[in-house]
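>>> need a structure here:
(2 chains)
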Amino acid sequence: MYMDRRCVYYRKPLLESGTLGTKGNVQWARDEFEGLFKQPAESVNQYISDPKFMERTLKLPGTQPLEVLEAVNKSLVSERPRSWADCVGWACRHWHCQYSNNIRQLLHNFPPHQKTNSGTLFWSGPKRCPHPLTFDDSNPLHMDYIVAAANLFAQTYGITGTRDVGAVAELLHQVQVPEFTPKSGVRIHISDQELQNANASVDDSRLEELKSSLPNPEDQQSFRMYPIDFEKDDDTNFHMDFIVAASNLRAENYDIPPADRHKSKLIAGKIIPAIATTTAAVVGLVCLELYKVVQGHKQLESYKNGFLNLALPFFGFSEPIACPRNKYYDIEWTLWDRFEVQGVQPSGEEMTLRQFLAYFKSEHRLEITMLSQGVSMLYSFFMPPAKLRERHDQPMTEIVTKVSKKKIGRHVKALVFELCCNDDSECDIEVPYVRYTIR
Amino acid sequence: MVEQEGGGGSGGISEEEAAQYDRQIRLWGLEAQRRLRASRVLLVGMKGLGAEVAKNLILAGVKGLTMLDHQQVSQQDTRAQFLIPVGSLGRNRAEASLERAQNLNPMVDVKADPENIENKAEDFFTQFDAVCLTCCSRCVMVKVDQICHKNGIKFFTGDIFGYYGSMFANLGAHEFVEEKTKVTKASQGVEDGPDTKKAKLDSTETTMVKKRVVFCQLKEALAVDWSSEKAKAALKRTAPDYFLLQVLLKFRADKGRDPLPESYAEDAELLLRIRNEVLDSLGVGAGLLPDDFVSYCFSEMAPVCAVLGGVLGQEVVKALSQRDPPHNNFFFFDGIKGNGVVECLGPH
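This next block holds a predicted model:
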């Protein structure tokens, strides 16, 4: 994504040819969706409504300030549609950009038979050589894309679109698509550093240009955009239509077989398929293990982890491995062991930090060097003496509340503390955690 | 052989169906779902295993499922048969299972048939694309297998004995497709040139490969001759579950029922005697099946029904959809050891 953004900014062709198969193209289409119908709208809304937006943006690292402002400028000024017809025009131009122009530029820089310095073909292995597509309004795939993209683009501006493919085709006749000629002498930089150096000066002047030419947010208060959240399960919202069309067009560029809608939906939604048979079998296996627990089997060997694949078929069973055993002094322990400390007496009195530290010294011969609860550091041997004095005689729960800045819920019966400690010979040793009962 | 039923929706999937079967279509594809949608299945024996298989096939979305059982609901059945509501003692097992089974999926034509399979004529079977027997005697299994074989119907049989489960399949001359991923090699040394985006090496280009497997009949599978040298060598690698199945089928034939907890003592004794007889007649050593099997083969364990029901259900789905390699031809599950084994046993 980073490389992608850099190349877009520096107007350098990006070799995307690594992606093979359906998966890559659908993910690419998904990213397109975010980059066209969500992020720009969000940025614009922030620009208009948040007075600190400009300040924050200019403080961003690297080329981000320029990228963000270019995007805002595009959405608010240079590519802003005033009508449905404008949206159709945008979709058509974007189609040409992604599926024809970019590819033609790429091939201009790296012709099909180009050789690398080592004499091998550049377009080989994972780098498939693409070919540009020619727009054809009688091609359902091309039209699917235009209709979906135009509608989505329109939605971000609150403009009403239409599903009528015929009407859209009519509008397309009026659309002017600028001629594209691949540029020569486009220098491909070998390193990021070179890229940065070459364009550093270009950055600054462009940034100034944008700052002054962007419309004043105060004048735009009645305008807002509508970012779109991807929703794969609504078949009427054009989201999946866009994903399927965009990914399949790209697949066509690279001569990869297109994916049907179901497959695309699966990849776009990262949905895990599910069937009754596997579920039933796995549950059965789990129940059998449960029976063993109930029957009181103590040997590790009696239990099994199971893996199955009903299609292949494959059934694998392995024995669970024993948990690692640790030792301090002569005491063996595992992750199942812990120190049980009754923090609060029936009288209501609670252990203070001083008492807690002393308890571990006398009872367990352990000198605590650090004590934490969750992400809160309650005590460390290197804490400032003043702080230690403050805490020494405070009850543990009070310290926890103070450091975490959160109240301990009434339902919480015990706290978990993690210890770092030294043994008698001042060596740092690992010990179990502490379960500190408070209620 | 999947027969296309005439009438509305033949070969197609409605919007409603596509939505309902969405999660499984993502797995095995639209084509497989269409074939399932056009298939009729006969399921015999509605005990614990039958209930699991019925549930799995109804949820998968077959066209029709006929549950056939002439027996009545007994106390035993309340342990593992979840399709039969409480208070159904004495009712016909298939009919008692009907309501809950149908509720699982209104789009499937679920029927209950209270007759005895032994009284069914050959032409009864020809209306089905697949037949799955449970709780049947060995003779009935062999007879139905022959009818199915003759008529190109997919044949399955499965049984649960306590912690042990087994199933057998005869799909005749079965054609299916398998999805194979194409592997493309990333070439070395093509790193000259501009900053290229890292090649995504998870190339998921797949192709469908057509395959054909020929199954043997049940009679042959159960009558393997273990006396030859080749067979003796194979014996070492053969799961003892195969012989256990033979023992239990013999018990069923002799007693007309399966081992019951109520008559544990005498059934246990009989099982050991049958074990000696059967192993002897097959020409294998009695040591192949140590005594302890006896304590684990009574009643039907619900989780074992679930595991075997899942496997068997999936085999039926595979056979009807003609997708993915089927088990050829036995699958045994041992719930004590937690072992699942596929064996191919027949005249070779």
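>>> Can you list the residue ranges for strands in chain A?
Taking DSSP state E, the strands of chain A run over residues A:305-309, A:314-318, A:326-328, A:331-333, A:338-342, A:367-373, A:376-380, A:414-422, A:428-429, A:433-437.
>>> buried residues in the longest one?
Spelled out, that is strand A:414-422. Neighbour counts over strand A:414-422 (16 or more other C-beta atoms under 10 Å in any protein chain shown) mark A:415, A:417, A:419-421 as buried. In short, each C-beta sits where N, CA and C put it, glycine included.
>>> Among the residues you listed, which ones lie close to chain B?
When contact is defined as C-beta under 8 Å from any C-beta of the partner chain, the buried residues of strand A:414-422 do not meet chain B at all.
>>> Turn these into TSV, including pLDDT.
Formatted as TSV, those follow (pLDDT from 0 to 100):
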residue	pLDDT
A:415	92
A:417	93
A:419	92
A:420	94
A:421	93
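>>> Using a markdown table, please lay out those together with distance to residue A:249.
Putting the buried residues of strand A:414-422 into a markdown table (distance: C-beta to C-beta, whole Å) gives the following:
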| residue | distance to residue A:249 |
| --- | --- |
| A:415 | 57 |
| A:417 | 58 |
| A:419 | 59 |
| A:420 | 58 |
| A:421 | 63 |
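>>> what's near enough to touch the closest residue to residue A:38 other than its chain neighbours?
Nearest non-adjacent residue to residue A:38, counting by C-beta to C-beta, 6 or more residues apart in numbering or on different chains: residue A:227, 4.7 Å away. By C-beta atoms under 8 Å, 6 or more residues apart in numbering or on different chains, the contact list for residue A:227 reads A:37-39, A:41-42, A:45, A:156.
>>> For residue B:134, grab the count of nearby residues.
27 (other C-beta atoms under 10 Å in any protein chain shown).
>>> now the helix or strand that residue B:17 is a member of, how far from the chain's geometric center?
Assessed by DSSP states H and E, residue B:17 sits inside helix B:15-20. Here helix B:15-20 is found 27 Å from its chain centre; the criterion is C-alpha atoms, centre = their mean, to the nearest Å.
>>> same deal with stretch B:113-127?
Mean-position distance between stretch B:113-127 and its chain equals 20 Å (C-alpha atoms, centre = their mean).
>>> Just the endpoints, please. Distance across that stretch?
14 Å (C-alpha to C-alpha, to the nearest Å).
>>> Can you list the buried residues in that stretch?
B:113, B:117, B:120, B:124-125.
>>> so can I have a markdown table of those showing secondary structure and pLDDT?
Putting the buried residues of stretch B:113-127 into a markdown table (DSSP: H, G, I helix; E, B strand; the rest coil; pLDDT from 0 to 100) gives the following:
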| residue | secondary structure | pLDDT |
| --- | --- | --- |
| B:113 | strand | 97 |
| B:117 | helix | 96 |
| B:120 | coil | 95 |
| B:124 | helix | 96 |
| B:125 | helix | 96 |
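>>> Just flag the most distant two among those residues.
B:113 and B:125 (12.2 Å; C-beta to C-beta).
>>> need the residues of the stretch 251-400 of chain A near chain B, please.
Checking the stretch 251-400 of chain A against chain B by C-beta under 8 Å from any C-beta, the hits are A:256-257, A:260, A:262-263, A:265-266, A:271, A:273-288, A:291, A:304, A:306, A:308, A:310-313, A:315, A:317.
>>> Filter those down to just the buried residues.
A:256, A:262-263, A:265-266, A:275-278, A:280-282, A:284-285, A:287-288, A:304, A:306, A:308, A:310-311, A:313, A:315.
>>> quick one: contacts of stretch A:79-86?
A:87, A:89-90, A:150, A:153-154, A:157, A:159-162, A:171, A:174.
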